[in-house]
Structure formats: C-alpha cells, structure tokens
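> predicted model, plus sequence, below.
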Amino acid sequence: GQNIDQPTEMTATEGAIVQINCTYQTSGFNGLFWYQQHAGEAPTFLSYNVLDGLEEKGRFSSFLSRSKGYSYLLLKELQMKDSASYLCAVRGNDYKLSFGAGTTVTVRA
Amino acid sequence: NAGVMQNPRHLVRRRGQEARLRCSPMKGHSHVYWYRQLPEEGLKFMVYLQKENIIDESGMPKERFSAEFPKEGPSILRIQQVVRGDSAAYFCASSGTSGSQGTQYFGPGTRLTVL
C-alpha cells in the first residue's frame, strides 16, 4: 500500500519562505510530484523528482531523499497568489499517483 | 487552449439517476486517468485508460461505475443509480507517454452533487 503524509495547514507572511514536508511509504518508487491546487480548480503540475537532490524552478524548489522516504517543497518570496493547497504525490512501480491529503498554505499580508 | 478539458464543471443529480462525466485529454495525449477527491481527502485513483482499452480499473467501485475512452471522442466516466456518497470532485488527467513515465496533467474537474 501507499502512505503519504504532509501537514494539513501552514501560514506564512508575504515575502517569506515556507517549506512543506512530505514523507512517504510506498511499495515501489518511480517519482515524486508536487501539484498546486487553488480552491475549485485543477491541480497544476509544479515539480517532479526521481533522483535524490534539489530541483529548482524559479521561486519553487523541490527536494527528494529516497533513502529517507522524504521530500519537501520550498516556496520562496511568497506572494498572495501562492495561497493554495499543495499536493504531494508518489508514483509507484506503475503509473498510479498516490496523493497526500494536501497542505493548505495561507499567505498573509 | 490545449489543456485537459472536462465537462460539465458542476453536475447535480438526484439519487438513482445517472451521471456522465466527460474528459478530453490534452492534444497529443493518449493516456487518461480518472481520480476522485472527497472533501478533506487526497485524490484517489480510479481508472487508467488508453484509446479503446481499460488498462487498470482497480480503483473503481465494482458496481455502478464504468469508464470508456473510445477511438473518437472524449473519455466518459459513467455512474449509474447515483447515491449521496458519490458526491465528490472527479478529476481527469492525461499524459503523453506511457503511464509509468509521463507527467499527468489535470483537468478542472467535475463537481458532482447528489441530492
């Protein structure tokens, strides 16, 4: 089975940095994905990690440690529009994505 | 707009009616996945289809639910005799390469409410 854990909520101030952690226990591993989902909208692809290390893409970075079953998404220079739910998803040995329940990030002025 | 399209965006049905949800994958994509999202829960995999083939329907309830992806036209998720517990957001995703490699891109979802 798959078990994906991430915090339920986080709050941060505009311009700050927030780190969203994700731990997973899965039968097989073929990549970890982060998606952003605004209320009532589609999950939007943010990043993909399959090898250990940090992937940087503008203000967003994602890190993976396969041996620890751990990833984080780092959001820098927070903007009000970054208020959303952030979904951690793991792909096992097949094609199915197993999702965590999501972390709701609230950015305050 | 070359993104994944879903319609309707909102669907209201009474108990016992049928719900048909449609998904047009991103242009050039031939792999389609359906997920269901219940309030306060993560997305749960339901079914994976390629054109004219159901590859994996292990996440779909055995009764009342069916899915297809015909040679022409959108993928359809069909729920017969809906019950209140079917109320959820149903998301479709598509990928361009084989399911174990491609990134899945999501549509805006259909929010089904069963009265």
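Arrived safely, thanks for sending.

> any weak-confidence spans in chain A?
A:1 (pLDDT under 70).

> who's the nearest residue to residue B:55 once chain neighbours are set aside bridged to?
The shortest distance from residue B:55 to any non-neighbouring residue, by CB to CB, 6 or more residues apart in numbering or on different chains, is to residue B:48 (4.6 Å). Every residue, glycine included, has its C-beta placed from N, CA and C. Beta-bridge partners for residue B:48, by DSSP bridges, are residue B:33, residue B:56.

> how about the residues of chain B by chain A?
B:3-4, B:31, B:33, B:35, B:40-45, B:48, B:55-56, B:59, B:91, B:95, B:98-100, B:103-109, B:111 (CB under 8 Å from any CB of the partner chain).

> give the phi and psi angles for the residue in chain A that chain B sits nearest to, as a check.
Using CB to the nearest CB, the closest approach of chain A to chain B is made by residue A:95 at 2.7 Å. Backbone geometry at residue A:95, expressed as degrees, to the nearest 10, gives phi -110, psi -10.

> out of the residues of chain B next to chain A, which sit inside strands?
B:31, B:33, B:35, B:43-45, B:48, B:55-56, B:91, B:95, B:105-106, B:111 (DSSP state E).

> near chain B at all, stretch A:38-50?
Yes - Stretch A:38-50 comes into contact with chain B (CB under 8 Å from any CB), by way of A:40, A:41, A:42, A:43, A:44, A:45, A:48.

> of those - the most surrounded one?
residue A:43 (30 neighbours; other CB atoms under 10 Å in any protein chain shown).

> residue contacts, that one?
A:35, A:36, A:37, A:87, B:43, B:91, B:106 (CB atoms under 8 Å, 6 or more residues apart in numbering or on different chains).

> quick one: which of those residues is nearest residue A:5?
Set against residue A:5, the nearest of the contacts of residue A:43 by CB to CB is residue A:87 (12.5 Å).

> phi and psi next, for the residue lying closest to the closest one once chain neighbours are set aside.
In this structure, residue A:87 finds its nearest non-sequential neighbour in residue A:35, 4.3 Å apart by CB to CB, 6+ apart. The phi/psi pair for residue A:35 (degrees, to the nearest 10) reads phi -130, psi 150.

> was I right to think residue B:29 contacts residue B:93?
No - look at residue B:29 against residue B:93 with CB atoms under 8 Å: they stay out of range, at 9.2 Å.

> which of the residues of chain B next to chain A are buried, as a ChimeraX select command?
Buried members of those, defined by 16 or more other CB atoms under 10 Å in any protein chain shown, are picked up in ChimeraX with:
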select /B:3,4,31,33,35,42,43,44,45,48,55,56,59,91,95,99,103,104,105,106,107,108,109,111
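
> what ranges does chain A have for its strands?
A:3-5, A:9-13, A:18-25, A:32-37, A:44-49, A:53-57, A:60-65, A:70-75, A:84-91, A:97-99, A:103-108.

> got a list of contacts for the first one?
For strand A:3-5, the external contacting residues (CB under 8 Å, 6+ apart) are A:22, A:23, A:24, A:25, A:26, A:88, A:89, A:90, A:98, A:99, A:100, B:42.

> out of those residues, which end up buried?
A:22, A:23, A:24, A:26, A:88, A:89, A:90, A:98, A:99, A:100, B:42.

> near chain B, which residues of chain A?
Checking chain A against chain B by CB under 8 Å from any CB, the hits are A:4, A:30, A:33, A:35, A:40-45, A:48, A:87, A:89, A:91, A:93-102.

> cheers, nothing more for now.
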